[in-house]
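Undergrad: please find the sequence and the predicted model below.
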Amino acid sequence: MNHTFRKIGVLTSGGDASGMNCVVRAVVRAALERGATPVAIEMGYKGLMENHMHEMGPRDVSNIINRGGTILYSDRCHEFNSPEGVKKAAAICRENEIDCIICAGGDGTFRGAKDLCGEGIPCIGVPTTIDNDIASTDFSIGFDTAVNTIIAMVDRLRDTCESHARCNVVEVMGRGCGDLALYAGLAVGASAIITKEIPFNEQELIDRIHQSKLEGKRNYIIIVSENMGSQFSEDLAKRLQSETGVETKFARLAHVQRGGSPTARDRILASEMGYRAVELLYEGRQDLVVCQRDDKITEMDIRFALTLDRFHKGKLTDDELAAIPAEELAQYQAISDQITARFNELYRINQIISI
Ligand code: F6P
């Protein structure tokens, strides 16, 4: 059965990420090609609740493929978090003939999409966050651009550390997981990658610095994930200086990691995922998140994806775990183990080749 839609909404929610505009562009152009009217919903779910929306034509998404941030803006919306708020949002969709919505964001965005599905508004989630902390996809849109931004910043720090025989502790983002620290750390040849997923032995790091200094090493880059806590990295820089005698500087890259023109990888991933989201709707499918698994664009049930994410992050309560059928639990465990194994392998490699 062919599905038709009058208007297809698109919104971006949560922390912005480079590549979000590529998603919007792909959704708008794919919807127009199918004969639907794309509707831009501004400021995430807040714009839906407050009717900040407008129809989009092909030229409205011109010249944005190379722009960071999101032309649809993003905001937080507490009203939408309540059942009444979701019902109100669904009513607003119906009043505006918005038959379905494509929601680009992280796990919080997917929770909102699931709730809207429950009120009869088909939704498809597209994973966009620099953190890469969405278990249903190998990579989220925005992650590659953020990693490359960190690389560009840290390569510069390495230059000056080499000139002055210094150490630089660099704190990177990643409230939910240490992927930014891990991938950027490996890519810059960090002497150490410190993130909550891996037990950290400070004395071992001090000994490594002492030993490599004796062997003639002059510069030391230490990448620390913000998930180690708000003061950890700055305090570590002071301790390393006092314990090793190497002059140690500190840099917090903060929101620099969120902006910038998306990389080719993020542009292509975003275009594929945005297009696939529209295709899924026309296949009559909903309540899904688009994901990339083993280099293929595929999809996952949104409830399964959300539970998987909470399972992997250890956020499910004992009661919730007990209520999951054994076969489903085994699926969560298998995917979670794959993610952990990959993380640990990259970390292990860096420990060996980065001395
Ligand atoms: O989730 C993306 C992210 O950049 C995190 O890495 C970071 O901790 C958080 O958002 C910062 O949130 P905000 O932009 O609200 O300060």
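TA: Received the coordinates, thanks.
Undergrad: specify the beta-bridge partners of Ile223.
TA: Listed by DSSP bridges, the beta-bridge partners for Ile223 are Val170, Ile193.
Undergrad: from memory it sits against Ala187, does it?
TA: No - if you go by CB atoms under 8 Å, Ile223 and Ala187 don't touch, sitting 9.7 Å apart. Where you see a C-beta, it was placed from the backbone N, CA and C, and this is true even at glycine.
Undergrad: what about the two, which has more around it?
TA: Neighbour totals were compared for Ile223 and Ala187, and Ile223 leads with 30 against 16 (other CB atoms under 10 Å).
Undergrad: residues touching that one, list them.
TA: Shown in contact with Ile223 (CB atoms under 8 Å, 6 or more residues apart in numbering): Ile150, Val154, Val170, Val172, Ala181, Ala184, Gly185, Val188, Ala190, Ala192, Ile193, Ile194.
Undergrad: what about it, distance to the ligand?
TA: Counting by CB to the nearest ligand atom, to the nearest Å, the gap between Ile223 and the ligand amounts to 14 Å.
Undergrad: report the contact partners of the closest residue to His164 other than its chain neighbours.
TA: Take His164 and drop its neighbours on the chain: the residue closest to it by CB to CB, 6 or more residues apart in numbering is Glu247, 7.0 Å away. Glu247 makes contacts with His164, Ala165, Arg166, Cys167, Gln241, as judged by CB under 8 Å, 6+ apart.
Undergrad: count the residues that sit near the first one.
TA: Just to be clear, that refers to His164. Counted by other CB under 10 Å, the residues lying close to His164 total 11.
Undergrad: how near is it to Val154?
TA: When distances are taken as CB to CB, to the nearest Å, His164 and Val154 turn out to be 16 Å apart.
Undergrad: do the same with the last one
TA: The spacing between Gln241 and Val154, counted by CB to CB, is 19 Å.
Undergrad: the longest helix anywhere in the chain packs against which elements?
TA: Assignment by DSSP state H gives helix 326-353 as the longest helix of the chain. In terms of contact count using 3 or more CB pairs under 8 Å, 6 or more residues apart in numbering; DSSP states H and E, helix 326-353 is assigned the packing partners helix 179-188, helix 302-312.
Undergrad: pLDDT of that helix, averaged?
TA: For helix 326-353, the mean pLDDT works out to 98.
Undergrad: in it, what's buried?
TA: For helix 326-353, a neighbour-count test (16 or more other CB atoms under 10 Å) marks Leu329, Tyr332, Ile335, Ser336, Ile339, Phe343, Leu346, Tyr347, Asn350 as buried.
Undergrad: next, the angle from that helix to helix 179-188.
TA: Orientation note: helix 326-353 sits at an angle of 30 degrees relative to helix 179-188 (axes from the mean of the first three to the mean of the last three CA atoms, to 10 degrees).
Undergrad: so how far is helix 326-353 off the chain centroid?
TA: When distances are taken as CA atoms, centre = their mean, to the nearest Å, helix 326-353 is centred 18 Å away from the chain's centroid.
Undergrad: ok, stretch 293-312 next?
TA: For stretch 293-312 - counting by CA atoms, centre = their mean - the centre lies 13 Å from the chain centre.
Undergrad: what mean pLDDT does that stretch get?
TA: In this model, stretch 293-312 has an average pLDDT of 97.
Undergrad: then it to PDB, C-alphas only?
TA: Extracted as PDB, the C-alpha positions of stretch 293-312 are listed here (Å, rounded to 0.1, in the frame of the first residue of the first chain):
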ATOM      1  CA  ARG A 293      25.600  -0.600  11.600                       C
ATOM      2  CA  ASP A 294      28.600  -2.200  10.000                       C
ATOM      3  CA  ASP A 295      28.800   0.600   7.500                       C
ATOM      4  CA  LYS A 296      25.200   0.100   6.300                       C
ATOM      5  CA  ILE A 297      22.300   2.400   6.800                       C
ATOM      6  CA  THR A 298      19.500   0.500   8.500                       C
ATOM      7  CA  GLU A 299      16.800   1.100  11.100                       C
ATOM      8  CA  MET A 300      15.800  -0.100  14.600                       C
ATOM      9  CA  ASP A 301      12.600   0.000  16.500                       C
ATOM     10  CA  ILE A 302      12.600   3.200  18.600                       C
ATOM     11  CA  ARG A 303      11.600   1.500  21.800                       C
ATOM     12  CA  PHE A 304      14.300  -1.200  21.300                       C
ATOM     13  CA  ALA A 305      16.800   1.500  20.600                       C
ATOM     14  CA  LEU A 306      16.000   3.500  23.700                       C
ATOM     15  CA  THR A 307      16.000   0.400  25.900                       C
ATOM     16  CA  LEU A 308      19.300  -0.700  24.400                       C
ATOM     17  CA  ASP A 309      20.800   2.700  25.100                       C
ATOM     18  CA  ARG A 310      19.800   2.700  28.700                       C
ATOM     19  CA  PHE A 311      21.000  -0.900  29.000                       C
ATOM     20  CA  HIS A 312      24.400  -0.100  27.600                       C
END
